[in-house]
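Asks: turn this into a structure:
(chains A and B)
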Protein chains: 2
Amino acid sequence: MNKNKAQFLNEPSFSDGVQSADTGIRSDHVREHNFSMRPVFGVDRQILMLLLKTMGNPPVRFLLWNGEEVSGGADAPIAQVFVADRTALLRLVVNPDLHFGDCYSSGRVDVDGDLVEFLEAVYRASAAVPAGSLLQRLISRTGDARPNTPAGSRDNIHRHYDIGNDFYRLWLDEQMVYTCAYFKDSGATLEQAQVAKMDHVCRKLRLQAGETVVEAGCGWGSLARHMARHYGVKVKAYNISHEQVVYAREMAKADGLEGHVEYIEDDYRNISGDFDAFVSVGMLEHVGADHYRELGDVVHRCLRDSGRGLIHSIGRNRAKPMNAWIEKRIFPGAYPPTLAEMMQILEPWEYSVLDVENLRLHYARTLEHWLWRFEKVSDRVAAMFDESFVRAWRLYLAGSIAAFRVSDMQLFQVVFAPRNNNDIPWTREHVYVPELPGG
Amino acid sequence: MNKNKAQFLNEPSFSDGVQSADTGIRSDHVREHNFSMRPVFGVDRQILMLLLKTMGNPPVRFLLWNGEEVSGGADAPIAQVFVADRTALLRLVVNPDLHFGDCYSSGRVDVDGDLVEFLEAVYRASAAVPAGSLLQRLISRTGDARPNTPAGSRDNIHRHYDIGNDFYRLWLDEQMVYTCAYFKDSGATLEQAQVAKMDHVCRKLRLQAGETVVEAGCGWGSLARHMARHYGVKVKAYNISHEQVVYAREMAKADGLEGHVEYIEDDYRNISGDFDAFVSVGMLEHVGADHYRELGDVVHRCLRDSGRGLIHSIGRNRAKPMNAWIEKRIFPGAYPPTLAEMMQILEPWEYSVLDVENLRLHYARTLEHWLWRFEKVSDRVAAMFDESFVRAWRLYLAGSIAAFRVSDMQLFQVVFAPRNNNDIPWTREHVYVPELPGG
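Replies: Below is the predicted model:
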């Protein structure tokens, strides 16, 4: 077993329950560390105690470069954090959000124990540190997020989504859906759950054959193809990731859907035309709160009075800056909004919000599948990139599982209609009919 | 047929569709008016044209005191507004929201045609007047809303809910539920739809036998009794309407639920105890946006970490002041919030919003039933109060139907959970199981 792999021995399944019962540092969780001869001074221990305090004293043990152990919290430690040198320790205390990620990626910080559970414990403990305190501000310190102007967005999206279709193909489902799945049935596979999610979206939108749909941010194009194939609609799908658009077009051609789905490599701000439905799954995180009004104007411009819309986005319970490391290394320019912030898109044009569903535990489960698959191919990923890339992505996936589990992150699906549209369903029962047309 | 009655010839049913096909002024819609000998001058016509412009030129015809007709809008008039004198006309143009209601109540303004359709046409036309314009500000001009301090709230609630249980008994359903019903089945009666609403709320909260529930604002206590009887929970229900609490206690005693439901005549701010569920149906409209933070603190104080909450409230697509006449004559201190404003209750304590459903068309349908029943007993209501009371309530009920139909008003049910609670349902299918335990 690769000593750096996250602790997923089996494919995640519903029988696991939401949270693993596995706590505590098992012997197979402890890695071998390279200790140094450099001494640990009293000031190092004081810095470490300050770090533990800023983290809300989670039940973790620190293992310093000379082999010395320092525990935080009153409870038995559920994980051990190895810190390889003093500089890494100083960085952790100066900006834990940013430098934990960087030091973990480079291997100067390592975690013995279940990485997801360790991160959950840290999130839970730090959530208890009073908001607005110096400590809290220390924790949540972030750099300036990258701007999401048309040029800025193109650069931000390029940095994440254009790193290689071959890479994503290694661990995503067969349809390359890179957003929260919907685990309708207890024994659902990731493949089934992604199809169920696409149907869930289509049902909420009550798509009818012959209608037109515009999709803002279409990933590798799976939802657009699903809509065209199973609901008989015509879809225009926008995306600024070149790699994704190339792939999406190939797939549409292979599936004989060329006349039904058009993939357009362009910014959502340039959407034009009149549509029966507006849909956006997993793009809003990249729009940035400064641009919600613009997005609302786009919706207003392109959605018919008889239309319906759905926005699916990672969200928050309360507004706070994006995790600095994620924003810097994984998703430049990203920001998950609160529900109130999302309303800045819809209120100026008086859209009527019909339905909001929070699928946060489904995203935790989706990410468990991704991390499990990622670990299976981590040696191939290391060969494609390098070991620090593997460690960074492991941390990103594990940290996201933890964030959705402890409710730091939400997943909102918001359905809305123009205020003049009374052709709205009486109940939501139509979403829960037994047969899945595309299942 | 009483010449003032609203035009409901049959009990509302699903087969009507959302909107009646009945448009235009039918001969049986035209009342007899008392014309005067006072002349109409050019300035009167100019004032009327200004009034029509502030209203967005709806397709209505005005009939002035001397019998002269003036039409607005390009389309054939769907209703005729009789204005009995110049003072009434001046009042309409100075503050249409407020004075239309007062003049209609006193009979100095009357409407020939379907009152609901007339109001719908007016709402639709005035919604098209650009927001922020002088005209829009004229329309939406309002007085200062009454404060919702503990003393202010008691007075505000007293003015509406304490006007007499005998009055409300005349036209509400047999369980005296005075909030939006849930018309699950197409042929549902009002009685069935109110029971379905109570079950809908209980299912969303996933109440389990033996749990404790606190209800903020309980009306005549029907939901609390329903929860105790059909879900085996213990309920503490708060209300500051003396008349309602007296009635609720009598009913609980008659139903043998005394040990299971406790009605407390007190302000929501004084709720104490620990509960598994927090529920509030139709109270938030009376809380006032200045007090949402206080309400959130109350929820935080009384709801266990493992708990769930549901707030059911009339809402808006976009923030604007309450209709001045409704605030002054019908619901003092009332304010329907936007979804973003509702989040001011939940965000400070980082509650996770699990589910939002908009039932606005159900409220239109509920109000149709109420108005239909109200018209059947309007002579008895006139004997209890007077004719202007009947006309005011007719306008309030008809205006509410119109407002929910044209999407000026929404009905939000918001389900939430403390951020630490992962015992949340995977899907919402449990809300849509076929059997109604209380049905």
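Asks: who in the stretch 101-250 of chain A is up against chain B?
Replies: With Cβ under 8 Å from any Cβ of the partner chain as the criterion, the stretch 101-250 of chain A meets chain B at residues A:124, A:127, A:182-184. From N, CA and C alone the C-beta is placed, and that goes for glycine too.
Asks: can you map out the strands along chain A?
Replies: Per DSSP state E, chain A carries strands over the ranges A:60-63, A:69-71, A:79-83, A:109-112, A:212-216, A:234-239, A:261-265, A:275-281, A:303-315, A:352-358, A:410-417.
Asks: next one: the last one to chain centre, how far?
Replies: The chain centroid and the centroid of strand A:410-417 are separated by 16 Å under Cα atoms, centre = their mean, to the nearest Å.
Asks: the fourth one now?
Replies: Put simply, strand A:109-112 sits 23 Å off its chain's centre (Cα atoms, centre = their mean).
Asks: that one packs against which elements?
Replies: For strand A:109-112, the elements it packs on are strand A:79-83, helix A:96-106, judged by 3 or more Cβ pairs under 8 Å, 6 or more residues apart in numbering or on different chains; DSSP states H and E.
Asks: if you set the cut-off to 7 Å instead, what comes out?
Replies: Contacts defined by 3 or more Cβ pairs under 7 Å, 6 or more residues apart in numbering or on different chains; DSSP states H and E place strand A:109-112 against strand A:79-83.
Asks: what's the answer for the shortest one, then?
Replies: Packing partners of strand A:69-71 (3+ Cβ pairs under 7 Å, 6+ apart): strand A:60-63.
Asks: go again with 8 Å.
Replies: helix A:42-54, strand A:60-63.
Asks: same check on the last one?
Replies: Secondary-structure packing of strand A:410-417 (3+ Cβ pairs under 8 Å, 6+ apart): helix A:190-205, strand A:303-315, helix A:339-346, strand A:352-358, helix A:360-376, strand B:352-358.
Asks: kindly calculate the angle that the fourth one makes with helix B:339-346.
Replies: Yep, that's strand A:352-358 we're talking about. Angle, strand A:352-358 to helix B:339-346, by axes from the mean of the first three to the mean of the last three Cα atoms, to 10 degrees: 40 degrees.
Asks: only C-alpha atoms, please: export strand A:352-358 in CSV.
Replies: This file holds the C-alpha atoms of strand A:352-358, laid out as CSV (Å, rounded to 0.1, in the frame of the first residue of the first chain):
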residue,chain,number,x,y,z
SER,A,352,-39.8,33.6,-8.5
VAL,A,353,-37.8,31.0,-6.6
LEU,A,354,-39.8,27.8,-6.8
ASP,A,355,-37.5,25.3,-5.2
VAL,A,356,-34.2,25.0,-3.4
GLU,A,357,-32.7,21.6,-2.5
ASN,A,358,-29.5,21.1,-0.5
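Asks: please name the nearest non-neighbouring residue to A:Ser71.
Replies: Setting aside the residues directly before and after it, A:Ser71 is nearest to A:Arg61 in space (Cβ to Cβ, 6 or more residues apart in numbering or on different chains), at 4.6 Å.
Asks: the one you found against A:Gly73, yeah?
Replies: No. Judged on Cβ atoms under 8 Å, A:Arg61 makes no contact with A:Gly73 at a distance of 9.1 Å.
Asks: quick revisit: TSV for the strands of chain A, including distance to A:Gln192 and mean neighbour count?
Replies: Formatted as TSV, the strands of chain A follow (distance: least, Cβ to Cβ, whole Å; neighbours: other Cβ atoms under 10 Å in any protein chain shown):
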stretch	distance to A:Gln192	mean neighbour count
strand A:60-63	36	21
strand A:69-71	43	14
strand A:79-83	33	23
strand A:109-112	32	22
strand A:212-216	22	25
strand A:234-239	22	24
strand A:261-265	22	21
strand A:275-281	17	24
strand A:303-315	18	21
strand A:352-358	19	23
strand A:410-417	18	24
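Asks: near chain B, which residues of the stretch 251-400 of chain A show up?
Replies: Among all residues of the stretch 251-400 of chain A, those adjacent to chain B (criterion: Cβ under 8 Å from any Cβ) are A:317-319, A:338-340, A:343-344, A:346-348, A:350-358, A:360-362.
Asks: now do the same for A:Ala127: its pLDDT.
Replies: Per-residue confidence at A:Ala127 stands at 86 (pLDDT).
Asks: same question for A:His362.
Replies: Looking at A:His362, its pLDDT reads 97.
Asks: so it makes contact with A:Tyr182?
Replies: Yes. Taking contacts as Cβ under 8 Å, A:His362 lies within contact range of A:Tyr182: 5.7 Å.
Asks: these two: who's more crowded?
Replies: A:Tyr182 (26 against 23; other Cβ atoms under 10 Å in any protein chain shown).
Asks: which phi and psi does the more buried one have?
Replies: Note on A:Tyr182: backbone dihedrals following degrees, to the nearest 10 are phi -120, psi 110.
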